[in-house]
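J.: Structural data only, the sequence is not supplied:
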């Protein structure tokens, strides 16, 4: 049976996810491995998300470090499960996004697939986004086609929410092409705010947000950004939503307690998701949540409150661990590339048509 590896480090930059799948008529998760992101590499990748000195050389060096980490993780996973490189058909490597600006015609992921193929001895498929962008698309989100294959169910109107640093939705309606789009910030602003004020990487269970009070005036100021009024296809990233964006809006308003800002940022995430979902899909039977945000109990409870009449649950309830859906998706995208199967969806990205995504780097 064909085996593929998916390698993913998302906008939260907390670490690298590696998933091993078996791909036949369906996708089966066989094994996983997680590597924490070294702090120096994390800091450099974050810095590269904004203009700075000597960017080309710094990006090339950071890319090498990222690939070395991925190769180390792949070797560990293969050793743990007594697998040889020859038993893996391909690695689907997303790389690390440092700039995503489809309106200007580019999306940049650091990942050097050639070096990853050299270090692992395994065929690598990478550079998944640029073909869709070249065809006039957003290059994101890329996971809706996989969500449809994994979670689509006849007679059920579902949505799949990928809740990482940013949030995106896949809308699965029977008899209709899958649709999807980015909703806005997921965890990215909450993580940055708690890092600034408490020196920790994330708000466990949303406990700090739960201790604060949502500030309506601040929430409305945040939701007034034109991104939230736009309808899909649309995508976003750190280029728009970052601490500078937040600070600019806070500077125009009264002073708020830090925990109240955190509570409002959680409400921004929940409200922007549910607002986008209810606008795009009249009724949703079930909202399936994956990504790190699925572990935020306060946020999950708020999503359920804002979507009465729908079942809101982690993808765990449907047999797929929430932390591994995206890494699985890039393993699946590698399979699609090697088989010549178009994996973008024009109804999602706005591309001019279906395209085979990815570039192949043989072992």
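T.: All right, it came through fine. Quick caveat, the model's predicted, so the values are computed rather than measured.
J.: next structured bit after the helix or strand harbouring residue 56?
T.: Element membership for residue 56 (DSSP states H and E) is helix 55-80. Note on helix 55-80: by DSSP H and E, the next helix or strand toward the C-terminus is strand 90-93.
J.: what packs against that following strand?
T.: Here strand 90-93 touches strand 3-8, helix 113-120, strand 124-126, helix 325-339, going by 3 or more C-beta pairs under 8 Å, 6 or more residues apart in numbering; DSSP states H and E. (Glycine included, C-beta is placed from N, CA and C.)
J.: Any chance of CSV for those, columns distance to residue 161 and mean pLDDT?
T.: Below are those laid out as CSV (distance: least, C-beta to C-beta, whole Å; pLDDT from 0 to 100):
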stretch, distance to residue 161, mean pLDDT
strand 3-8, 17, 97
helix 113-120, 29, 98
strand 124-126, 26, 98
helix 325-339, 10, 98
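J.: can I get those in a markdown table with mean neighbour count and distance to residue 155?
T.: Listed next are the helices and strands packed on strand 90-93 as a markdown table, based on neighbours: other C-beta atoms under 10 Å; distance: least, C-beta to C-beta, whole Å:
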| stretch | mean neighbour count | distance to residue 155 |
| --- | --- | --- |
| strand 3-8 | 27 | 30 |
| helix 113-120 | 20 | 40 |
| strand 124-126 | 28 | 34 |
| helix 325-339 | 25 | 23 |
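J.: Setting aside sequence neighbours, what's the nearest residue to residue 102?
T.: Ranked by C-beta to C-beta, 6 or more residues apart in numbering and with sequence neighbours excluded, the top spatial neighbour of residue 102 is residue 138, at 4.7 Å.
J.: Phi and psi next, for the residue lying closest to residue 188 once chain neighbours are set aside.
T.: Excluding the flanking residues, the one nearest residue 188 by C-beta to C-beta, 6+ apart is residue 165, at 4.1 Å. For residue 165, the backbone dihedrals (degrees, to the nearest 10) come out as phi -60, psi -40.
J.: just to revisit the earlier point, relative to helix 113-120, how tilted is the helix holding residue 56?
T.: 30 degrees (axes from the mean of the first three to the mean of the last three C-alpha atoms, to 10 degrees).
J.: From the contact counts, what lies against helix 55-80?
T.: strand 3-8, strand 15-23, strand 27-36, helix 39-47, strand 106-110, helix 113-120.
J.: Show me what the second one pairs with in its sheet, parallel or antiparallel.
T.: Put plainly, it is strand 15-23. Note on strand 15-23: by DSSP bridges, its sheet partners are strand 3-8 (antiparallel), strand 27-36 (antiparallel).
J.: List the buried residues in the helix holding residue 56.
T.: 59, 62, 63, 66, 67, 69, 70, 71, 73, 74, 77, 78 (16 or more other C-beta atoms under 10 Å).
J.: Fine, thanks again, bye for now.
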